[in-house]
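1. Pasting a predicted model and its sequence here:
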Amino acid sequence: MSLEIITYPDERLKQVSAPVEHFDGELRDFIAALEDTMRAGPGGVGIAAPQVGHFFRIAIVDVSAMGKLPKKSTNHGRIVLINPEITEWQGMVMGREGCMSVPDFTGNVIRAEKIVLTAFDEQGQSHEYHCEGFEARAVQHEVDHLDGMLFLDRLVSRRTDLFRRKVYEGQGKGKR
């Protein structure tokens, strides 16, 4: 069951999400629907609950569907991040990002190259993840959603770092 993606400039995307307090069947059902939504979009490697109007600190990241990942990138597979907290950042690098909530644009954003974070999974178990490269970028992007931020808020310059997304033949509106 796919959920509806909220798109920019909807003001709800600026809302800060609340911590999850109950780890139950309702939470697991929501996470399954959130994951279905992420996988329904082409090229989706992450999604956060606020993108579907659910303002709790929940995100999913899975860069394994990308095919060939850039060098120096970790791949933990599917990671459910509940109440994530980034505890360490290392190195800064610029990279291109897109977002299901900003379907018409991509942009250059500076992010940490390596991060360490803690988060709970859908069963309520705590985990620590060491992420690097593209996976670290994807995690930071999704955590930003939980704090009411979009990649647009992190552009150095909207004039030079924001790009209209290409639409390829056979690709209609909303099929990016």
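-> Perfect, I can see it now. Numbering: from 1, shown residues only.
2. Going by C-alpha atoms from here, please, whenever you check contacts or count neighbours.
-> Will do.
3. in this protein, which helix has the most residues?
-> If you go by DSSP state H, the chain has its longest helix at helix 25-40.
4. Next, the residue nearest the centre of the chain: secondary structure please.
-> By C-alpha atoms, centre = their mean, the chain has its centre lying nearest to residue 142, at 2.9 Å. Classification of residue 142 using DSSP: H, G, I helix; E, B strand; the rest coil returns helix.
5. Tell me which helix or strand comes right after the lowest-mean-pLDDT helix or strand in the chain.
-> Using mean pLDDT, DSSP states H and E, the weakest-scoring helix or strand in the chain turns out to be helix 158-161, at a mean of 91. As assigned by DSSP states H and E, the chain's next helix or strand after helix 158-161 is strand 162-164.
6. ok, residue 98 touching residue 107?
-> Yes: contact criterion C-alpha atoms under 8 Å: residue 98 and residue 107 qualify, at 6.7 Å.
7. Which neighbours do these two have in common?
-> Counting by C-alpha atoms under 8 Å, 6 or more residues apart in numbering, the residues touching both residue 98 and residue 107 are residue 151.
8. and residue 40, how many neighbours?
-> Counted with other C-alpha atoms under 10 Å, the neighbours of residue 40 add up to 14.
9. That one - nearest residue in space that isn't next to it in sequence?
-> Computed as C-alpha to C-alpha, 6 or more residues apart in numbering, the closest residue to residue 40 that is not its neighbour in sequence is residue 2, at 7.2 Å.
10. Now do the SS call for that neighbour.
-> Classification of residue 2 by three-state DSSP places it in coil.
11. any idea how far it is from residue 71?
-> Note on residue 2: its distance to residue 71, by C-alpha to C-alpha, to the nearest Å, is 32 Å.
12. show me what contacts residue 66?
-> So residue 66 contacts 43, 45 (C-alpha under 8 Å, 6+ apart).
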